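In: pasting the structure only:
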Ligand code: TXA
Ligand code: MG
């Protein structure tokens with residue numbers, strides 16, 4: 001079932017209905033500023049297990065707990081002064097923080113790790129829902145495992161259909177890429193996944209460069225191991241100024257990017273900025289796939305949101 005809700009001022013009866021489904025152990029897909037999430041009561045192991053079933057997600061890939069307020073983090077994780085300063089500066093927002101977990105968090109959420117990932121999303125519907133549910137909401141992106149993340153309710157329905165009790169539809173998301181994930185359990189801040197929170201802003205805040213995750217960390221952040229974000233057609237990259245690779249047939253391909261396409265493509269999805277490219281990249285993947293076209297995606301510049309966009313395009317193309 002899909003229910004439309006006002007993005008800025010969600011209707012109380014809609015939120016109460018969705019919250020009661022969560023409290024009763026059901027699944028609710030809901031919008032956040034990054035992508036749509038597939039939510040369950042984060043303190044009920046049985047409810048959390050339904051998420052893995054609905055997505056076909058490997059059970060060792062841990063979930064993010066979504067909170068309505070940073071002050072609730074303390075109940076779920078060990079929050080030191082550095083962590084609370086980061087929360088004050090970046091929440092609500094597209095930053096997920098990995099901390100040492102507390103024993104009330106089910107192993108289904110942490111994937112059996114000693115850590116838990118937390119985030120307060122910057123979206124009125126998500127915040128109202130979590131607040132009304134009165135529990136942390138465990139939520140991965142609301143796509144089938146391995147597919148592009150959903151940036152609107154239609155994409156959620158296409159992937160999960162009847163596998164979810166309710167989809168809250170508040171239209172398109174703002175950012176279009178998932179949250180940035182950082183690990184704060186050690187002395188150095190480790191970047192587990194580039195995303196909506198801009199790396200340069202984080203580095204300015206910490207006064208140090210973020211350490212990219214090494215192999216040991218990748219084992220501890222299992223999501224980074226899997227092929228991800230991928231449509232079923234091929235995804236190739238093209239850098240502005242380069243010749244199109246001979247093996248690409250533009251007549252059978254769709255182009256996405258901010259620059260003018262380097263050939264006559266069967267379809268062109270143009271974006272006016274890297275931000276709008278980020279917002280539209282997953283929907284673009286899904287559209288071109290539905291048209292049966294291979295995808296040529298412009299390779300973004302390695303700065304700002306472009307770093308996260310590169311990560312998703314790289315992984316979709318399995319480069
Ligand atoms: O923007 C987002 O982050 C969206 C919205 C719904 O909030 N959620 C999302 O969740 O993208 P998901 O499950 O698709 O990605 C979560 C990532 C995965 O790569 C997972 O491995 C990592 O966070 N993760 C979760 N808990 C972790 C932990 N305790 N330690 C290390 N990595 C963790
Ligand atoms: Mg995901």
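Out: Ah, there it is. From a predicted model like this one, the values you see are computed outputs, not experimental measurements. Ligands and ions are numbered 1, 2, ... in the order given.
In: What's the per-residue pLDDT of the closest residue to ligand 2 within the stretch 51-200 of the chain here?
Out: With CB to the ion as the measure, residue 141 is the residue of the stretch 51-200 of the chain nearest to ligand 2, at 3.4 Å. The C-beta positions use only the backbone N, C-alpha and C, and glycine is treated the same way. For residue 141, the pLDDT comes out at 97.
In: can you check residue 217 too?
Out: We have a pLDDT of 70 for residue 217.
In: before we move on, which element is it in?
Out: Using DSSP states H and E, residue 217 sits in helix 215-220.
In: circling back: and for the residue lying closest to the residue of the stretch 51-200 of the chain closest to ligand 2 once chain neighbours are set aside, the neighbour number?
Out: Nearest non-adjacent residue to residue 141, counting by CB to CB, 6 or more residues apart in numbering: residue 149, 4.0 Å away. By the criterion of other CB atoms under 10 Å, residue 149 has 26 neighbours.
In: any idea how far residue 42 lies from residue 150?
Out: Distance of residue 42 to residue 150, computed by CB to CB, to the nearest Å: 20 Å.
In: Same question for residue 97.
Out: 23 Å.
In: Residue 73 now?
Out: Per CB to CB, residue 73 is found 26 Å from residue 150.
In: Pick out whichever of those two has more residues nearby.
Out: residue 150 (28 against 23).
In: That one touches residue 144, doesn't it?
Out: No: applying CB atoms under 8 Å, one finds residue 150 not in contact with residue 144, separated by 9.7 Å.
In: now the farthest one out in the chain, which residue is it?
Out: Taking CA atoms, centre = their mean, the residue of the chain most remote from its mean C-alpha position is residue 246, at 33.8 Å.
In: That residue: helix or strand, and which one exactly?
Out: Per DSSP H and E, there is no helix or strand for residue 246.
In: mind listing what it touches?
Out: By CB atoms under 8 Å, 6 or more residues apart in numbering, residue 246 lies in contact with nothing.
In: mind listing what the residue of the stretch 51-200 of the chain closest to ligand 2 touches?
Out: With contact taken as CB under 8 Å, 6+ apart, residue 141 is in contact with 35-38, 149-150, 178.
In: again, only using 7 Å
Out: Taking CB atoms under 7 Å, 6 or more residues apart in numbering, we find residue 141 in contact with 35-37, 149-150, 178.
In: Ok, residue 183 next?
Out: Residue 183 neighbours (CB under 7 Å, 6+ apart): 98, 190, 192, 217.
In: Most neighbours among these, which one?
Out: That'd be residue 98 among these, by other CB under 10 Å, with 25 neighbours.
In: pLDDT score for it?
Out: 98.
In: what are the bridge partners for it, then?
Out: Beta-bridge pairing of residue 98 under DSSP bridges involves residue 117, residue 183.
In: who are the neighbours in contact with it?
Out: Residues near residue 98 by CB under 7 Å, 6+ apart: 115, 117, 181-185, 192.
In: Mind doing that once more with 6 Å?
Out: Applying CB atoms under 6 Å, 6 or more residues apart in numbering to residue 98 gives the contacts 115, 117, 183.
In: Could you single out the nearest of those residues to residue 26?
Out: Using CB to CB, residue 117 comes nearest to residue 26 of these, at 22.2 Å.
In: Relative to residue 110, how far out is the closest one?
Out: Separation of residue 117 from residue 110 (CB to CB) stands at 8 Å.
In: now do residue 33
Out: For residue 33, the distance to residue 110 - CB to CB - is 24 Å.
In: Helices along this structure, start to end?
Out: Assigned by DSSP state H, the helices in the chain fall at 12-23, 45-55, 73-76, 81-90, 107-110, 124-133, 153-160, 199-206, 215-220, 274-290, 305-317.
In: Would you mind giving those helices as a markdown table with distance to residue 266 added?
Out: Below are the helices of the chain laid out as a markdown table (distance: least, CB to CB, whole Å):
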| stretch | distance to residue 266 |
| --- | --- |
| helix 12-23 | 40 |
| helix 45-55 | 31 |
| helix 73-76 | 48 |
| helix 81-90 | 41 |
| helix 107-110 | 43 |
| helix 124-133 | 36 |
| helix 153-160 | 22 |
| helix 199-206 | 35 |
| helix 215-220 | 37 |
| helix 274-290 | 9 |
| helix 305-317 | 19 |
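In: And those: which comes nearest residue 251?
Out: Ranking these by their distance to residue 251 (criterion: CB to CB) puts helix 274-290 first, at 13.7 Å.
In: show me the contacts for the closest residue to residue 313 other than its chain neighbours.
Out: Using CB to CB, 6+ apart and skipping the chain neighbours, the partner closest in space to residue 313 is residue 297 (5.0 Å). Counting by CB under 6 Å, 6+ apart, residue 297 touches 237, 256, 313.
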